[in-house]
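**Student:** Pasting a predicted model and its sequence here:
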Amino acid sequence: MSRADLGKDPSQVSAMFDQVAARYDRTNNVLSVGNAPLWRAATTKAIHPVPGERILDVAAGTGTSSASLARSGASIVAADFSPGMIEVGRRRQAHVPNLVFVEADATKLPFDDESFDAVTISFGLRNVNDPKAALREFLRVAKPGGRLVVCEFSHPPRGLVRKGYGVYSKHVMPRLVKLSSSNDTAYDYLNESIEAWPDQRTLAAWIREAGWGEVEWRDLTLGVVALHRAVKPAPAVE
């Protein structure tokens, strides 16, 4: 199998990511034109990890973002449903003492209720077959007052930027993928999934519907990427 389709069957998407795991980080850096580290830094800052906290990084892939969070001294659980990604991640991040990898489905997390101080997902929510269910699962495993940070590709609000990004996605990105990826056809799916993903306001509405409060977002790179944040409401005092 070379790629998944927009039906996002979990087994197909997992197999596709297994195939691209070895060169995934390098390809992302190329396709983002060097912006990937900036997006990761912005996400880490938004999560604001502190020593003693337990943080869940969903769709963690090879653990690059998880390792960034772990430098704070917080305990990080890197969850992903691709065994290939986890294998590469465990090898690359073996030197990080407070980071563990767990194979997990974002819609059926194998963790107890209210067990994390923060939950985050970067460039993975759009690959989940039921993102609304995943947002509810994130709420379940977060402690009251726990934080949610979602970093995901989005839709540039300015027409000129949107048009330029469209040209890049359709004509430039496929050529870069052929040069840097171990499976260039898999990135056809990733590009299509970005185009099909809802805009910033719609995702914010989904997060609220899942039960999160204090929902807000800000654009990165002129809206090519959006960073959504929210907080799990504390139980009402009777």
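**Tutor:** Thanks, I have it. Residues are numbered from 1 along each chain as shown.
**Student:** Surely Ala118 is in contact with Ile55?
**Tutor:** Yes: using Cβ atoms under 8 Å, Ala118 is in contact with Ile55, at 4.6 Å. Quick note: C-beta positions are derived from backbone N, CA and C, even for glycine.
**Student:** got any residues that touch both of those two?
**Tutor:** Common neighbours of Ala118 and Ile55, counting by Cβ atoms under 8 Å, 6 or more residues apart in numbering, are 47, 49.
**Student:** Show me where this structure dips below the pLDDT cut-off.
**Tutor:** Across the chain, the ranges flagged by pLDDT under 70 are 1-8, 13-33, 159, 162, 165-188, 237-238.
**Student:** what's the single longest strand in it?
**Tutor:** Looking across the chain with DSSP state E, the single longest strand is strand 142-153.
**Student:** for that one, packing partners?
**Tutor:** Where contact means 3 or more Cβ pairs under 8 Å, 6 or more residues apart in numbering; DSSP states H and E, strand 142-153 is packed against helix 36-47, strand 116-122, helix 131-141, helix 200-209, strand 225-231.
**Student:** Tell me the gap between that strand and the middle of its chain.
**Tutor:** 11 Å (Cα atoms, centre = their mean, to the nearest Å).
**Student:** show me what contacts the residue nearest in space to the middle of the chain?
**Tutor:** Residue closest to the average C-alpha location in the chain (Cα atoms, centre = their mean): Ser122, at 2.0 Å. Residues near Ser122 by Cβ under 8 Å, 6+ apart: 39-40, 43, 57, 59, 65, 150-152.
**Student:** now, among the residues you listed, which is nearest to Ala226?
**Tutor:** Glu152 (6.3 Å; Cβ to Cβ).
**Student:** Report whether the expected contact of Ala46 with His228 is present.
**Tutor:** No: checked against Cβ under 8 Å, the pair Ala46 and His228 is beyond contact range at 9.1 Å.
**Student:** ranges for the helices of the protein?
**Tutor:** Assigned by DSSP state H, the chain shows helices spanning 10-20, 24-31, 36-47, 64-70, 83-92, 131-141, 159-167, 173-180, 186-196, 200-209.
**Student:** picking up where we left off before, higher neighbour count, Ala46 and His228?
**Tutor:** Per other Cβ atoms under 10 Å, whichever of Ala46 and His228 has more neighbours is His228, with 23 against 18.
**Student:** That one touches Val150, doesn't it?
**Tutor:** Yes: between His228 and Val150 there is a contact under Cβ under 8 Å: 4.3 Å.
**Student:** Determine the residues that are contacts of both of these two.
**Tutor:** 203, 207.
**Student:** Identify the residues contacting Leu227.
**Tutor:** If you count contacts by Cβ under 8 Å, 6+ apart, then Leu227 has 42-43, 46, 149-151, 217-220 around it.
**Student:** got a winner among these for most neighbours?
**Tutor:** Val150 (29 neighbours).
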